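>>> 3D, please:
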Amino acid sequence: MNDAESILSSTILQRRAMEILQSYEGANNYILKLKHKSETNKKFVITRAQSEYIINYYNRTPKVARKWVELDSYFAEKLFEDKLIATTPTHIWVEKLLVEKPTSYHIWGKHFENEDLHEFWLPKGALVKDNKVKTIEIDYEKYSHRPPLSHQKEAIQQLVENRRFILADDMGLGKTTSTIIAALETGAKRILIICPASLKINWQREIENYSDRTTYVIDGKKWDDADFMIINFDIVKNFHDTKDRRTSKILSSNFDLVIIDEAHYIQNKQAQRTKLINDFVKDIERLWLLTGTPMTSRPINYYNLLNLVESPVALNWMAYVKRYCEGYQFRVGKRKIWNVNGASNLDELRERTSKNILRRLKEDVLDLPEKIITPVYLRLHSKEYEELMGEYYDWYDKSEDSGSLSLQFSKLIKVRQVIAEAKVKDTIEICENIIEQGKKVIVFTNFTNTLNMIAEHFGKAAVKLDGSMTKPERQYSVDQFQENEKIKVFVGNIKAAGVGITLTAAEIVVMNDLSFVPSDHAQAEDRAYRYGQKNNVLVYYPIFDNTIEGIIYDILNKKKRIFQTVMGDIEDKGDSMSDILTSILESR
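Residues are numbered from 1 along each chain as shown. Now for the predicted structure:
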């Protein structure tokens, strides 16, 4: 467009805008202000920008707010510096919301009590969206059978009082327990829990510890109604389609709370599961995200989570990556690509997100036990397991030697191997989550094949220790794990590596499978829980609760005498084995 065409275009716009002004009777105070100027000042000349504003927005009705809205601290400081005002405003009075654009608001309001109302533009990120609900007094007496610890009560209160929130406590601080109690206290009628497949049964059992409300674990394409619905990330696509939302089982179920466990699974906005979940959670009243991953390792990883909880810092992607990811563009052929892998202004990011996130480390929490044992309940689907158990029961019923404990034990070795190998996938998933959080992990197993499967998966990032290794080879594995930052996983045979060595470079232990000798567990756990360990030790027990393993673990925890054996207080090998084998036979 040349200069003459530009002038003609502006003139046409101005004439159209003036025509609108003359007859305007709407409620937009800025347009009314321009109308008043045009009527009282003969020299008034409307600008092109004003003309475009009038033409674009004269037929929109402003929203009346009449309330003080909290200002984000970063933008409040910017206002203080840019406007040269005497004090930093903490809130603004919004009389009316005149216009809403994708990234900004046009407001009729004021910054201080004694100011006159006037118009001004603000980025959406400048206003802190109020996701708070009224304070609820919680009666913890009803949870006295499994009382939450004091740090969990703080998490419960934060969740209950926020519609959208990130609980980012370190692993082992009991996020699941806190979230379930909080969900019950909100009065939510329909709750959807999205988590990794390996955690679904764990969620179900933990809910049953605190409530008799109905739960349903979703598998494959089966869907049934319950108060608590538990689904894994990989099958969300079976129940929600962004292109045909009318058929969405998730939306039609009218959930009033969605809980996303291991929420870092939806950090990547381009991933299909992230797009699916982002699409439907915007229609849910309450959304809680749980993750134990540190918040400041790579700020780009947290953009989507912060955006989902409506944090002011994440309303504008470009502003976020420039400010907190050292974001910049570069050319690849004809395309421009963003590099957003950096990290910058992290203290500011932490400050600006503090109202959206609760983050505590284990070492910050004073009411924790020094060794935390956590079962992770799973389900086994295996024809081989069923056949082997059938053979065992047939043998027991027909054999004259079935009264021998040692023979019963040996007959079950193959069953235990099948369980151990089937669990490798889940153990690896647990370990990968731990490594992602910058921590080392120890894995114990009873079987050589299982040990090799896990070690081979992690390759050069793992060392192993089994009974076939020489003393120098064993010491080399220990030293590498203790001293080499590149070694993240120690995989040990529970007998060979469960005694006599120190592995304090890790604070997390995963028991892939159970020994029939309970004291083996305590010995193995304590490879990390030894002199020199500066952190609380967290021990995960992945358990197939629909197998003999579930029976074994329940016996170890329900009987005080055997529980003491697990904790290493007493040695009770024979009686424990007898009780376990008896319970296995009674369970058929």
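>>> so where does the residue lying closest to Leu122 once chain neighbours are set aside fall, helix or strand?
Nearest residue to Leu122 in three dimensions, chain neighbours excluded: Tyr105, at 5.3 Å (C-beta to C-beta, 6 or more residues apart in numbering). Heads up, the C-betas are built off the backbone N, CA and C, glycines and all. Per DSSP states H and E: Tyr105 is located in strand 104-110.
>>> next one: the following helix or strand past that strand to chain centre, how far?
Downstream of strand 104-110, the first helix or strand assigned by DSSP H and E is strand 118-123. A distance of 35 Å separates the centroid of the chain from that of strand 118-123, by C-alpha atoms, centre = their mean, to the nearest Å.
>>> so which residues make contact with stretch 108-115?
Stretch 108-115 has contacts (C-beta atoms under 8 Å, 6 or more residues apart in numbering) with 29-30, 62, 65, 79, 85, 87, 89, 92-98, 116-120.
>>> flag every buried residue along that stretch.
108-111 (16 or more other C-beta atoms under 10 Å).
>>> so Gly125 sits against Val313, correct?
Yes: if you go by C-beta atoms under 8 Å, Gly125 and Val313 touch, sitting 6.4 Å apart.
>>> joint contacts of those two?
Joint contacts of Gly125 and Val313 (C-beta under 8 Å, 6+ apart) are Asp72.
>>> the strands in the stretch 201-350 of the chain, which residues?
215-217, 228-232, 257-260, 286-290, 328-332, 335-339 (DSSP state E, counting those that start in this stretch).
>>> quick one: closest of those strands to Arg15.
strand 335-339 (39.4 Å; C-beta to C-beta).
>>> any idea of the angle the closest one forms with strand 328-332?
140 degrees (axes from the mean of the first three to the mean of the last three C-alpha atoms, to 10 degrees).
>>> from Lys63, how far off is Lys43?
34 Å (C-beta to C-beta, to the nearest Å).
>>> swap in Leu585?
Shown here: Leu585 relative to Lys63, a distance of 70 Å by C-beta to C-beta.
>>> over to Val236?
Val236 is 34 Å from Lys63, by C-beta to C-beta.
>>> before we move on, what about Ile46?
25 Å.
>>> and the residue nearest to Arg527 when sequence neighbours are not counted, how many neighbours?
Excluding the flanking residues, the one nearest Arg527 by C-beta to C-beta, 6+ apart is Leu503, at 4.4 Å. Counted with other C-beta atoms under 10 Å, the neighbours of Leu503 add up to 24.
>>> so what pLDDT did Leu503 get?
pLDDT, Leu503: 89.
>>> got the contact list for it?
442, 478, 481-482, 490, 527-528, 530.
>>> among the residues you listed, name the buried ones.
442, 478, 481-482, 490, 527-528.
>>> ok now stretch 419-429, how far from the chain's centre?
For stretch 419-429, the distance to the chain centre is 22 Å (C-alpha atoms, centre = their mean).
>>> kindly report the same for stretch 231-241.
17 Å.
>>> next structured bit after the helix or strand containing Ser410?
Per DSSP H and E, Ser410 falls inside helix 405-411. Where DSSP H and E defines the elements, the next helix or strand beyond helix 405-411 is helix 413-422.
>>> can you list contacts of that next one?
Contacts of helix 413-422 (C-beta under 8 Å, 6+ apart): 380, 382, 384-385, 388-389, 392, 445-447, 449-450, 453, 512-514, 544, 547-549.
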